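[1] Need a 3D model of the following:
(one chain, ligands or ions: 1)
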Amino acid sequence: MPDIDLELRRITKRYGSFLAVDNLSLDIARGTFTCLLGPSGCGKTTTLRCIAGLEQIDSGDILIGGRSIADAPPWQRDIAMMFQDFALFPHMTVARQVGFGLEMLKQPRAEVARRVAAMLKTFEIDHLAGRKPATLSGGQRQRAALARALITEPRILLLDEPIGSLDFSLREMVMFELKAVQRRLGISFVWVTHDQTEAFSLGDLVVVMNRARIEQVGSPADILERPRSAFVAGFIQGNNVFRGTVTAAQDGMVRIATGVGEFLVPVLNGSTPPTGGAVSFSVRAERITDQPGAEHANRLSVRCGAVEFFGAVRRYFMHQADSQILKVDQFGAQAARLREGDQATIGWRAADGVLHHGDGGSP
Ligand code: ATP
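    Residues are numbered from 1 along each chain as shown. So this is what the prediction gives:
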């Protein structure tokens, strides 16, 4: 299957009795920018290291370009890897670093020189060829590392939190430069991050992991608009997650009793959960209004506990009794409508609730 760059088939990796990657399967189509996203310790880096051949899987198979490479050493996998601190060799000039992979492959000297020159030009660092890493800026180091990783023309580039160590001002620039490089070269990137902004800005495909497993795979829009589980909804910024019990089903909707009231939620793909069953659903904070009209069937009386800015968004933290806190978002540039301590009725359209698959929702 030449159109699939990477196929993970039920891979499992244990450290002693600890399961770090649990029966994980994933297909990555040619030239895809994939982000592995999840909380610390969920198994992202281990998955990447298994793909790279830095860890041996205990079971399953890994195919790159349709060829099983599970038993191949890292240098025979058609991959390259870029680490968080770029792992440049401090004593080597930029030109030598970039040529290093080809030297290891015992390419003729003239060929190495030719390809290094071309690579330095591609990344606009030819003027830095004779410099050592300590004398480079963060962005220049990153380009040198990228040129070094890509000179062997790998099918897949694996990146482990590659911009995690850069200061904020540089991160955005570097992030979009990497995306542009990926598009231009058409090779697949597999990028590990715990930062959802990064994942949603860059990824064609976002893979949300939790406790050694995949929770959801989809485009950023899929994951934002249709989180599959309470875990995904809770992990992604801006969702309100509700847990409850189905009390009735009617016209493609279920009525769900929660600790703060009963709400109507659309059923998923026509499959209605049983009455009495435990379910969870979520509603995005920007879908909730403090000025509900006739179309906002789901309503709730709350007290505004706090108002804070999240970037350009003004977020109200609403309390009902002393239990659930709901987030309501408004564009920050609009005038504030509520203040701390205000009572309000909030509401959302039934269609804006997203029922999760299966679980009663323990993350
Ligand atoms: P982070 O974002 O913090 O890097 P991660 O999702 O990349 O997290 P991994 O580094 O893949 O997580 O680790 C997954 C689990 O496996 C963690 O609980 C970690 O402690 C454990 N683990 C990783 N490497 C080893 C090892 N060499 N020996 C034992 N346990 C390990």
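[2] give the contact list for the nearest residue in space to residue 167 that is not next to it in sequence.
    Spatial nearest neighbour of residue 167, excluding adjacent residues (C-beta to C-beta, 6 or more residues apart in numbering): residue 138 at 7.3 Å. Just so you know, the C-beta spots here come from the backbone N, C-alpha and C atoms, and that holds for glycine as well. Contacts for residue 138 (C-beta atoms under 8 Å, 6 or more residues apart in numbering) come out as 165-167, 170, 174.
[3] is any part of stretch 49-68 close to the ligand?
    No: using C-beta under 6 Å from any ligand atom, we find that stretch 49-68 stays clear of the ligand, coming within 7.5 Å at best.
[4] distance between the ends of that stretch?
    16 Å (C-alpha to C-alpha, to the nearest Å).
[5] likewise stretch 319-326?
    Start-to-end, stretch 319-326 (C-alpha to C-alpha) is 6 Å.
[6] sorry, back to before: give me the subset of the contacts of residue 138 that lies in helices.
    170, 174 (DSSP state H).
[7] out of the contacts of residue 138, which are buried?
    With burial judged by 16 or more other C-beta atoms under 10 Å, the buried subset of the contacts of residue 138 is 166, 174.
[8] Go through the contacts of residue 138 and say which is closest to the ligand.
    Proximity to the ligand was ranked across the contacts of residue 138 by C-beta to the nearest ligand atom; first place goes to residue 165, at 13.1 Å.
[9] thinking again about what came up before, include pLDDT when you put the contacts of residue 138 into CSV, please.
    Converted to CSV, those look like this (pLDDT from 0 to 100):
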residue, pLDDT
165, 68
166, 70
167, 74
170, 73
174, 77
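[10] Going by neighbour count, list what's buried in the helix or strand of the chain with the lowest mean pLDDT.
    Least confident helix or strand, the chain: helix 168-185 with a mean of 82, by mean pLDDT, DSSP states H and E. Using 16+ other C-beta under 10 Å as the test for burial, helix 168-185 gives 171, 174-175, 177-179, 181-182.
[11] rewinding a little: got the contacts of residue 138 as CSV, with distance to residue 276 columns?
    Putting the contacts of residue 138 into CSV (distance: C-beta to C-beta, whole Å) gives the following:
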residue, distance to residue 276
165, 51
166, 52
167, 53
170, 54
174, 52
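[12] got the contact list for the helix or strand hosting residue 245?
    Secondary structure assignment for residue 245, by DSSP states H and E: strand 239-250. The contact list for strand 239-250 (C-beta under 8 Å, 6+ apart) reads 227, 230, 233-234, 254-260, 262-263, 267, 272-285, 288, 324, 326-327, 360-361.
[13] helices and strands around the least confident helix or strand of the chain, which ones?
    helix 138-150, helix 196-202 (3 or more C-beta pairs under 8 Å, 6 or more residues apart in numbering; DSSP states H and E).
[14] on that earlier part again, how far off centre is the very next helix or strand once past the strand holding residue 245?
    Downstream of strand 239-250, the next assigned helix or strand under DSSP H and E is strand 253-258. Relative to its parent chain, strand 253-258 has a centroid offset of 30 Å by C-alpha atoms, centre = their mean, to the nearest Å.
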